[in-house]
Structures are given as structure tokens and as C-alpha cells.
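Asks: Give the three-dimensional model of this entry:
(chains A and B)
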2 protein chains.
Amino acid sequence: MKIVKGFCILFMLHLCLLDSGRTGKVLVWPVDFSHWINLQFILEELHLRGHEITVLVPSQNLLIDHTKVPYHVEILQLSVTEETFMEEFNSMLYEEIFELPKLSWWEMQIKLADLVRKFLLTNKRVCDSAITNKELLSRLQAAKFDVCIADPLSFCGELVAELLNIPFIFTFRFFYGNAIERLCAGLPMPSSYVPGVTSRLTDKMTFIQRLQNWLLYTVSDMIYSYYIFPEWDEYYSKVLGKPTTLCEIMGKADMWLFRSYWDFEFPQPYLPNTEFVGGLHCKPAKPLPKVLWRYTGKKPETLGANTRLYKWIPQNDLLGHPQTRAFITHCGTNGIYEAIYHGVPMVGIPMFGDQHDNLARMKAKEAAVEVDLQRMTSADLLNALKAVINNTSYKENAMKLSRIHHDQPVKPLDRAVFWVEFVMRHKGAKHLRPASHDLNWFQYHSLDVIGFLLACVATVAFLVTKCCLFCCWKFGKTAKKKKRE
Amino acid sequence: MKIVKGFCILFMLHLCLLDSGRTGKVLVWPVDFSHWINLQFILEELHLRGHEITVLVPSQNLLIDHTKVPYHVEILQLSVTEETFMEEFNSMLYEEIFELPKLSWWEMQIKLADLVRKFLLTNKRVCDSAITNKELLSRLQAAKFDVCIADPLSFCGELVAELLNIPFIFTFRFFYGNAIERLCAGLPMPSSYVPGVTSRLTDKMTFIQRLQNWLLYTVSDMIYSYYIFPEWDEYYSKVLGKPTTLCEIMGKADMWLFRSYWDFEFPQPYLPNTEFVGGLHCKPAKPLPKVLWRYTGKKPETLGANTRLYKWIPQNDLLGHPQTRAFITHCGTNGIYEAIYHGVPMVGIPMFGDQHDNLARMKAKEAAVEVDLQRMTSADLLNALKAVINNTSYKENAMKLSRIHHDQPVKPLDRAVFWVEFVMRHKGAKHLRPASHDLNWFQYHSLDVIGFLLACVATVAFLVTKCCLFCCWKFGKTAKKKKRE
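Replies: The predicted structure is shown next:
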């Protein structure tokens, strides 16, 4: 084999934005935190390509600084104070990081469902602020947007799009219990080899693990269908003035952009209206001046002379530095993708959300070692670091993931932007939407067909048995009669 | 919306074939007929890019003219004469076109299974010719191929690849009963909205149609699992000297290139190691001199003065001619894709194989009208032609499909070639292979998990009932005793 290295195919993206008259208008329903960091890369690219972007920003938020955003911004005024907002946020984070791990599996599912419900209800304030502002809605209506980009972790983007009668695209990493992916997007996720979010499992499971994953999906289905979604179904029905459900409206999404890819995620079934654009924020590293350490507290006295503290560091550039040997990470998707992009092995200290699952993927691909946040000692961290640095297989596996990431027909960001623009050009992408959305769950699984066939078989069996019994009785009677004669 | 037309993104393919040392070796296991016509476009492109191509060609075949093929050819010598070969071929074709439509649904499934089995057994001669030729095998082994491209409609390509220990890629349109797709590739195809091959159904089915499609899948599963595959399982086990199955070997494919896309096919779930490259053979039309009619028999006396007969016509150029108003087609995939590419509405007269299903797709997308081969009159054909020409909606819908076809991030042929080269560069694509291949069917569907849980529930229910009965009995006894006292 003489191909191997360097055989490069460059799919170069040539923009034919010959005049600005061919651009469109994009409405954005963002989610705070790392979601916003990631979304900005898509918006930046769309902005560069001349599209007009309007972002709906809640007045209280963590990372969406509307004074610095180079797009048009509509502030969604919340009555909550900054203190209450931060308190709520910190309390939820604390519970998920420190309280959840102390609970049993069943208690954890219930607690998690409660946290998700609480999180969604804080988002409902934002939704209310948008939906009840008739003046804002008519301004948005008048602007004639071509597409809405929404993050389904915070419900409502799809509702705004429905009210404005425009196509919409979802972009996100995951939803708890994979409830939105499975119940609303219609993604087939067999519990036998597609591990659910928060399961910490891999795609190769023992019987007990498959049992656990099946329970996770089933319990999640029940929690979301009967505890969390109903109040949203009611809310959506009220706002739209017709009986509907959250999933029905979400299921209208023209495209689902998932923030993963097969360098990171285990292979699983997907649909024509889903695209896996993980790592779209990654880019080649810029040169660094020296070794760095981001730290905002008081400088510890035991710190070695070769460690320097900085309030902020360019993580991507650091990971891309040729002397970077390992990455100690909390296992957020963005950070892990930067490590994959640059082929850096990891020491993972996951905290909440998908972070434990992200690490489970990197461990299964043998590119990371885990350290338990709740029980770690400095020796644990040191040993983990030594392992990923000294055992070359971690570096080799990280490089393998990096090669997979870099060897795609089209880069993730270009694919994301392509589909946003496709939906704008064609006013939707209905040809990609599976007909499963028109079926209910027992039709989807052919349970009515199987039930009908079983009923037929039972009827035939019943009739045959009856006939046989009748014949036996008749035959017996005749025989007796003959005998008597 | 100001984007609409002409907003073009050109993903230009730049080849960095700087020196010929970076090319690889490709082994090809082709299938005759239209499959070969289509496959040649991939081979041509690979050839242009400097790869060395070797095709295994049966000595008796219909369209693979090994004297004209610009690649290295290995002839697989068959003992059958050309007359016998043509007789067999024509008899199978005749039976499928003229005998099948006369049968009831159940008879048709059985007859079809028989025809498929017969077809596969004629292919087994080709397989035997390759496998038993030790000299050929060791020559192929010595050549150190990087990849094998095989068409699974004719089994054996995967067996040759397994013997040579090289990665392989499948490329095809469909297999009867979708048996290979579902049972070997592990493609999830819910019978509730993914119509099976030969069903002639669409993705929107009534209860009766879903019942029919469920039966089609179930009957196919049984036919292929118990009637057709077992002799191949045995053959493969014998050749490889270890117990194995056809599906186990086929399931090792690194990539499945399906000859369809969402301009043609109904949206359905798929897997990371599948790619939909339908229409890869289509290209812009070259200019035509005049109106044409391909016809090889005696010129009919009733033929109008404006109709001219030709022995061969460039179908693609004809379909791309701006004055082409409609396409009368037997509904082969290649022809339909040329019509989609150029946005030409169709009059379909399907004959066999996937042709009825292809037409069902075009009818569902309202770009075609059907004429029944068995019962057609000249008036039927005329009316159908008038309909697609005069009712502008057919042209509009054909143009819509054409726009979808042309608006892809990467062209189908480039995607097909990309993945062939990806597999060559990375010596496979194992990261795309779902873990479902390691599960048997009841594990896949979690039937063991559900069974276990039901058993647990039954045991608990049994124990609780027993305890209750025991308590009642005990309580009753004590009560009686007390009463007596």
C-alpha cells in the first residue's frame, strides 16, 4: 500500500456570493454556556457570508454578552434579578455535580428528571417573555426571516418559528434521556447498542448493562412523556390555539445538526435530516509564547517554578502546540473535540451532563484515562497523567481519532452552514423528513399489525378447536348409536 | 427571501496526486447488466486518479466486454456455453416479467425466492471458478490489493476479499426482500414506513399496506434465513475452514455505497458506514443534432414522418436536451436518475426487479405516470404522455427533484470515490461499523432483557399470590380455630 500519508483531497469551498442581494435572514434561539460558544462559530460563518443575523437574548444570562455580539439582538426581558438567576444556576449545577453521585440509580433518574424540569421551567420564563410580547412578534414577523436556528435544550425556538411560519434547524449535543432525539426527532436508538445519555456505557454491553440501558430508555420515556412534556404540550396548544404537542412541533425541524461525529460518537443509526457536525469550532493552532496555566484564585504556595498562572488561555492553540503531551479536562464536548482535532490524549475529570458519557467514549477508544472528581488524590492525577504521557498507545489512539476527524469529504462547519443555507434556498428540507412522524408509537413498531395477526391466529385456532370438538362429539354420538344398534 | 436561485457553493475537488507513488490497487467483483454500467463510472474516476484496477470478469457475460475494458482483467473461466448462459438469463427474465404478475401474493414470494436462488446458483459457478483457482488466488494475494469493490447482488466478492485479507466496499441498489441490507448490513428498516423491495408501496401506508409490508419482511426473513442463505453459509464455512455465515462475512464491509439518494428514495434510517450515491453516473448533456428514436427491429409501417429510428442513442444527452418534454422508461435506476438529473417527467412502464418500486417513488413524488406493460394499449401510452407533457405539475416536480439532486455538499461520484480512497488510506473504516454486528437478533431487539424482566415480574407475582393465599389460609384456619374455641 503506497497511499497512506499525505494523500490529500481538498474540497475547497468557493463562495459565489457575487452580490449581497443573494443573502438571507437568520433568526437565532440560543442556549447559554458552551452551547453559545459553539453556536457562535456557525453564526460567524453565516455573518461572513453576508446573512443578516438576529439573536433573541434573555436579559439575564451567563455568556451571551449582547453588547459584544456583532449581530442584531432582541433582548427578552426577564423579571428575575441577576442574583436570583445566578443562585438558581449554581444550585442546579451543585446538585448535579455533588448530590447526584450520592444517589442510587433510581433516585438519580428521579432527581435528574426534577433538575431537567426545573431547568426547563427557568427557560419557560424566557419563552413567555418572547411569546407574550406581541410588539416583538410582529416586528419579527415583518422582518420575514428565512430560517430559525434553535437549540432544543431550551424549548421555544421551534414555537417561535411555528408562530412566524418559517423553517427551523436544531443544533445541539444531546438531551437528557435522549428524549428529544428519540421521541421528537424519531431517531432509532436501539438500547442494545446505543448507550443512553448519563448511562456512562459504551456500545459494547454485557447483559446487565443492556438491561440497565433498556431501563434508562424506558424510565426516561415515561418520565418525559408523562411528567415533563405534558405541561409543555398544554402550553404549546394554548399559544398556537390548536391541540398539539411539543414533539409534534419539534418534529417539524428541517435539519438536526448534532455536535458529534464518528471520531467521537459510537456508530449508531441516524436519519437523512440529521447531520453530525462535531468539532465545527476547531481550527489550526496559532503559535504560543510559553507554558501556561489558567487559574483565577490565589496562587498556591506549593506551585512549582515551571508552572505559570493565567486568567485566560487560548485552549485550542495550547492543545495544538507540538509540545502539548496531555489534556486534563472536565470532558465538555468542545474541549474533547479540540483534543481530538489536535490528537492529544486526555485525563478526564467529568462533572455533569454528557461529560461522563463523553469520557466513556474516549476511554473506549483508549485515548483517555479517568480520574474521579469525588475521590481523587493528587497521586491519582499524577498517575493518570504519567499513564497518558508515558504509554504511547494513548497518543497513537488520539492521533488516530484526529486523522478520522480531518479526513471528511466536507469540514463540519462547512456542512453545518451548507444545510442552513440549503433550508434557506429551498424554504425547508421536507424531502429529508421520515414518514415515521405521521405514525404513533405502536404503529411505528407495527404493534397493531402484530396484534391483528395474533388475533387472527387466535380466532382460527379457536374455530379449529371448536370444530374438532364438535366433530369428536358428533363422531362419538354416531359411534355410540351404531354400537347400540 | 433573496437567496433562491444561483446561490452557488462549489466544493471543488482538488487532487493532490503529486506523484504516482501515492496510488493504490483496487480489486473489483462486478455484477453484469446495468450494475456494470454504473460501476464503471467509479472505476473510471479511480483510474483517472492513478489507481491500478483489476476486474474479475466471468468468461460468459452480457455487458462486460473484457477486450474493451481499460483495466487489468482476470477472466474467470466458466464451463457453461454462451447459448446456455443466454438461455438461462432470458428464461429468468421472462419468468420475472411475464409469469410473476399472474401469481397471487404468496405464490409470487415463493416464485421470486426460487428465481433469486437460481440466479445466485448461476453466480456460484463464477465464485467456484475464482475460489478453486489456487494459481489465480496466489497471484491476487501477491498483488497486495488495498481494497476490493464488490456488488453483493452476486455473492463471493466479500469471500475473495476475506481470503485475501483486504478491506472491501459494497456498491449496489437493492437486494430482494432487502435481505442483505437488513440481515447483513444491519440497516434498521421499520416495516411501518420503509417499503420493501417488490412491495410497490410508498412510505405512507394504510393499515392493510403496513400489514402487507410487515408480511413481506417477515416472509423474506424466513425465506432467506432458512432457504437461501444456509447453503452459502455452508459454502463460506468450507472455503474459509471455520464455521461462519454469509452475513457475518458480508457484515465486515467497510462501506456500503447505495445507488440512491433522497431525491429518489423515501427518507429512511441508515448507518455511518452507508453512503447514498445515487445518480453518480449522471453528467451534463452534450448537444444533440436532431430528434432520435432507438429501435433495432423492423421499422413499423405506421411510424410518423417525425420519428426517426437509431440503433443507439446517447440517453443522457437526449434527456438533457432543452426540448425533451417527457421520458418513456422501463424504470431502471440509471435511467430514472438521468431523468431526475435533467428534470424530465416520466411515463413509466416497469418490468422487473426494483423497477416497479422505482416508479412507485416517482409517482409518490408526482413526477411520473404509470402504464401497465401487461395491459397497455396505444391510447394508454398516449394519454400518459399527454398527462406528463400538458399538466405542468409533473415538470415542476421533476425539476424540484433535479434541484435537490444538484444541491448536495459533494457530488455522488466524488463521495463514492472519497470513501473508496478513505478505506484505502486507513486500511478500512472500522470506526463506522455499528456494534449491532456483535449481537444476535433477539439481543438486538432486547428480547432477552424484556424476557428476563417479564420472568422477574411473573416470579414476584407468583410469590406474592402464594404468600397471600398462604396468609388467607393461615388466617382462615386461626379464625376457624378461634370460632370453635
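Asks: what kind of secondary structure is residue A:472 in?
Replies: When classified by DSSP: H, G, I helix; E, B strand; the rest coil, residue A:472 comes out as helix.
Asks: And the pLDDT at it?
Replies: pLDDT, residue A:472: 91.
Asks: Give me the distance between it and chain B.
Replies: Noted for residue A:472: a distance of 31 Å to chain B, by CB to the nearest CB, to the nearest Å. To be clear about C-beta, it is placed using only N, CA and C from the backbone, and glycine gets the same treatment.
Asks: Count residues in the vicinity of that residue, would you?
Replies: Residue A:472: 10 surrounding residues under other CB atoms under 10 Å in any protein chain shown.
Asks: which secondary structure element contains residue A:275?
Replies: strand A:274-276 (DSSP states H and E).
Asks: What helices and strands are in contact with that strand?
Replies: Strand A:274-276 sits against strand A:255-258, helix A:412-426, with contacts defined as 3 or more CB pairs under 8 Å, 6 or more residues apart in numbering or on different chains; DSSP states H and E.
Asks: closest to chain B out of the ones you listed?
Replies: helix A:412-426 (4.7 Å; CB to the nearest CB).
Asks: That closest one vs chain B: in contact?
Replies: Yes: judged by CB under 8 Å from any CB of the partner chain, helix A:412-426 and chain B are in contact via A:414, A:415, A:418, A:421, A:422, A:424, A:425, A:426.
Asks: right, and the helix or strand after that helix?
Replies: Downstream of helix A:412-426, the first helix or strand assigned by DSSP H and E is helix A:441-444.
Asks: OK, now which residue of the stretch 301-450 of chain A is nearest to chain B?
Replies: residue A:435 (3.8 Å).
Asks: Could you chop chain A up by domain?
Replies: A:23-280+A:411-438, A:315-406, A:442-469 (automatic domain parsing).
Asks: quick one, helices of the stretch 101-250 of chain A?
Replies: If DSSP state H, counting those that start in this stretch is used as the criterion, the helices of the stretch 101-250 of chain A fall at A:105-131, A:134-143, A:157-164, A:179, A:207-223, A:229-240, A:246-250.
Asks: Compare those helices and give me the one nearest chain B.
Replies: The closest of these to chain B is helix A:207-223. By CB to the nearest CB, the value is 4.7 Å.
Asks: Low-confidence stretches in chain A?
Replies: Along chain A, the parts satisfying pLDDT under 70 run over A:1-21, A:289-290, A:292-297, A:308-312.
Asks: For burial, what's the neighbour tally of the nearest residue to residue A:359 once chain neighbours are set aside?
Replies: Closest residue to residue A:359 apart from its sequence neighbours, by CB to CB, 6 or more residues apart in numbering or on different chains: residue A:348 at 3.9 Å. Residue A:348 has 28 neighbours, counted by other CB under 10 Å.
Asks: Just read off the phi/psi values of residue A:348.
Replies: Torsion angles at residue A:348 (phi, psi; degrees, to the nearest 10) stand at phi -100, psi 130.
Asks: hey, what's it bridged with?
Replies: residue A:329, residue A:370 (DSSP bridges).
Asks: what sits against it?
Replies: A:329, A:330, A:331, A:355, A:358, A:359, A:362, A:363, A:368, A:369, A:370, A:371 (CB atoms under 8 Å, 6 or more residues apart in numbering or on different chains).
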